[in-house]
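Asker: What shape does this take:
(chains A, B and C)
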Amino acid sequence: MMPTQTQLLLRTLLFWAVPLLLLALPLVTNAYVQFIANSIVIFALVALGFNFVIGNLGQLAFANTALFGLGAYGSAILVNSFGLPWIVSIPLAGVAGAAGGFLASAAALRGIRLYYLAIITLAFGELMRWLYVHGKSVTGGTDGMGLPAQSLFGFSLTDDRAKFYIFLVVAVLLFKATLNILRSRVGRSVMAVRENEVATASLGIPTARIIVFAFMWSGFVVGCAGALFALHTSYVFPESFGMLHLIVSFAMVLVGGLGSVIGAVLGAAALTILPEYLRSFPGMEELFFGLIVIAVLLALPDGLASLLRKLSPIFVERYYRE
Amino acid sequence: MLMQLTISGISQGAIYALIALSLTVVYRSTTIVNFGHGDFVMAGAFLSYVLVVLLGVAFVPAAMLAVVAMFLLGLAFSRGLVRPIRGGPHIGFALMCISAGYVFRGIARIVWGREVLPMPRVFDINPIFIGDLIITGDAIFILSTTAIMLAVFFGVLALTDIGKMVQAVYQSARGAQLIGINVDRFNDFTWGIGAALGAIGGILIAPISLLHPDLGASFLIKGFAAMTLGGFGSLYGAVLGALILGLSEQYAGAYIDSALIDITAYLVIVLVLFLRPHGLFGRKAIVKV
Amino acid sequence: MSNLLEVEGLDVRFAGLHALRDVSLTLAPGQIMAVIGPNGAGKTTLFNAISGYVRPSSGQVRLRGHDVARLSPHAIAEHGIRRTFQNGGLFPALTVLENVLTGLHAQTEGSLVDVILGRSRALASERAMIAKARDLLSLMQMEHMADTRAGDLSGGQQRIVEIVRTVASDPPVLLLDEPAVGLSPLARDQMMDIINRMAGEKGVGILLIEHAVELVMAGADRIMVMAAGQHIAEGTPAEIREDRAVLEAYLGHA
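Answerer: Okay, the predicted model is just below:
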């Protein structure tokens, strides 16, 4: 069932009510819970960006982990070496991520698809990670690089509560923009390519450019998230953008639901809260996230979002708006 | 110098060949690219390590046991995890493979901890000296084992009914079904073979390198680079591509910059797919749209 | 000069195979030309060559005098030659309305930036396109299915939605690859009716691959017969019925 007009209105209200209510969150959290809440906001963005390529475009996006790193390093470098205020570095980190997305997917313009494209993004991502480790003079190598304390309009941004508000604003903007895209001819084309690229081209849609755009938008969102992450942890290590991050991102997308925007939030929330205590056992996180993805693929292939859709048509995602 | 590099390039390439070949075998019969294959290879090496070091089994029976175990694991993976999601989107297969890989990696790390472990030396084969040239015992061991494996592999394909079945399924899974091949079971079997071949690669490399749970990622990239060079889906191409990759790593590392050994494979993938998408010998990787 | 589409000396070679030999045809606005011939005659290859999915080794495809051969498929579609696919080209996970909207992609206005920022320019055009898509669906009595997933439709409904999607942008030329295959007799008549209306009311020039001979004889203005990659005969249905070459192609040396 599709949502009715009233339900659509309700959904719009819900979209704005959630962040508004979250504005009150810092009033009731302790330091630890606030830190987790900040992580969830960032990972919701990571999942949103990943999902745009994996879920909506239907291509594997191995490079995205490295693009998240590109955003984080980009932000830290802009702040440290160029003296830019951190807040200004956010959109620039996004642009860097988009540029990385372009490079990772440019082979699509030459007709490369699916597995080959996935392998290129894998190689590209690994190459970037190799650069993070070996480009010592710029990235600090395995030691990583720190981000000095930041402030905005005279307010200090060292407290997680203060950070939360900025993260929330960035997240709302990027979620809104992604929904705008998905509910337009561009978003429909992205999904059409996933469903049947040959038929998509027959409608006058330049499919290769659509593929590259999807990687770029994904890179933009993930790059912005990287800038937030740099402030969040105030330190940027290559390890944060390693193999573990990849499976965590895949798991968030799948648990939430392939191609679902609400799913990105659900997946990020579920998987940031759950495995916190696994962190002290080496290997447990990999095992956990690996098993989660397997379980979801077997038992709930459309993720938590599909449960919500069964609950109410409000959660059925439409790709147009009147 | 050049000859020495060539020897080590070929023995590295031999191991890559097993990995690329095992990826290709699965790809040809199931059209699935096993993005977790590096971890299957690691798991094979890991199993042999556990048997030899922790349980005190002699190397040869330990290696055989590990290969058989990996064969069964590949079979079980296909049956239990790949078959059930057949109706879903193709991307599901890739995610399933990746996740299985992470499970192996997690288990290995839980058992191994954070250490990097040396495998005890297996054979004391005396090195051969030819003038200035030294062919180490390890190289002899790797090369002779790989040569035997490849001979058996291609011999079986060329001379038996299995070879014909492989060809039939590769041409058309539906057609193969029609002439009475149980494609499901055949695919399970192929997964088993792929896992076993990969494990052999892992076991061969274990004694000459340090073992750690993250070994898989680089195996995977090398396998892909070899396949890309040789042309995706081509069995001979996989072997040839692997040898070329092994040699280029050694030459580039020695004559240009030692850091290149690490990243040759990445560069090969990016360059080949940009410049000559169908590889040196293979079919086209491009879709015309 | 009133020809809408002119195909001249089209040749297609695959490795070792001469799939299309020197095929020429002309199509006027509002004309329905059926392409018939035994399996393997090169009918679909002809469509693929005209619509850019296969690169012709020589020959021209002129749309209103403008050569479009060797452009990419999406560029040819944008010029106004649109096609359907033999085994169906709908996007199963998208709804019927969303499917039809993809056919209006090129008509929808607003830059990428307008879209991302949700500017009114993009939204207004989007709204107009949705209205147009709904109108088209209601012409086919399918407006109540606008929000159904395309994958959940019956085979016949899918064919109709695919045609609606293909004609949504008012293309001057339409290539229909077996649009009636697998349809019930009733749905077939409905399909022919739709095709006739598009040619008659909108002046669309239509090339039609069809195996059902009665359908072709009743519905087409002209018939072109192909065999072994060649154009072997062309004429009105009545002429074709009498043609020896056609009989031979179908009954002779198979």
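Asker: what's the closest non-adjacent residue to residue B:199?
Answerer: residue B:44 (2.5 Å; Cβ to Cβ, 6 or more residues apart in numbering or on different chains). Where C-beta positions appear, they are placed from N, C-alpha and C, glycine not excepted.
Asker: my guess is that neighbour contacts residue B:205, does it?
Answerer: No: counting by Cβ atoms under 8 Å, residue B:44 sits too far from residue B:205 to count as a contact (9.8 Å).
Asker: quick one, what contacts residue 79?
Answerer: If you meant another chain, say so; for now it's chain A. A:85, A:86, A:89, A:147, A:148, A:150, A:230 (Cβ atoms under 8 Å, 6 or more residues apart in numbering or on different chains).
Asker: let's do chain B instead
Answerer: residue B:188.
Asker: what's the spacing between it and residue B:237?
Answerer: Residue B:79 sits 29 Å away from residue B:237, going by Cβ to Cβ, to the nearest Å.
Asker: Likewise for residue C:21?
Answerer: 34 Å.
Asker: Compare those two and say which is more crowded by neighbours.
Answerer: Counted by other Cβ atoms under 10 Å in any protein chain shown, residue C:21 and residue B:237 do not tie: residue B:237 has more neighbours, with 24 against 16.
Asker: hmm, back to that, which one's more surrounded, residue B:44 and residue B:205?
Answerer: residue B:44 (31 against 26).
Asker: Show me the strands in the stretch 51-200 of chain C, by range?
Answerer: C:58-63, C:66-67, C:81-83, C:173-177 (DSSP state E, counting those that start in this stretch).
Asker: can you pull the buried residues of the third one?
Answerer: Which is strand C:81-83. C:81, C:82, C:83 (16 or more other Cβ atoms under 10 Å in any protein chain shown).
Asker: tell me the contacts of the last one?
Answerer: Under the criterion of Cβ under 8 Å, 6+ apart, the neighbours of residue C:83 are A:202, C:47, C:51, C:77, C:166, C:174, C:175, C:176, C:177.
Asker: Pairing-wise in the sheet, spell out the partners of it.
Answerer: residue C:175 (DSSP bridges).
Asker: What count of nearby residues applies to the residue of the stretch 101-250 of chain C found nearest chain B?
Answerer: Here the stretch 101-250 of chain C gets closest to chain B at one residue, residue C:151, 12.2 Å apart by Cβ to the nearest Cβ. For residue C:151, the tally of surrounding residues (other Cβ under 10 Å) stands at 13.
Asker: burial of residue A:175, as a residue count?
Answerer: 21.
Asker: wait, doesn't it sit right on residue A:49?
Answerer: No: assessed by Cβ under 8 Å, residue A:175 is found out of contact with residue A:49, at 10.9 Å.
Asker: got any ranges where the chain has weak pLDDT?
Answerer: I went with chain A, as the question did not name one. Scanning chain A for pLDDT under 70 picks out the ranges A:1-2.
Asker: Sorry, I should have been clearer: chain C.
Answerer: For chain C (pLDDT under 70), the answer is C:1-2, C:251-254.
Asker: Point to the residue nearest the middle of it.
Answerer: residue C:175 (2.2 Å; Cα atoms, centre = their mean).
Asker: Hmm, residue C:81 and that one touching each other?
Answerer: Yes: if you go by Cβ under 8 Å, residue C:175 and residue C:81 touch, sitting 6.8 Å apart.
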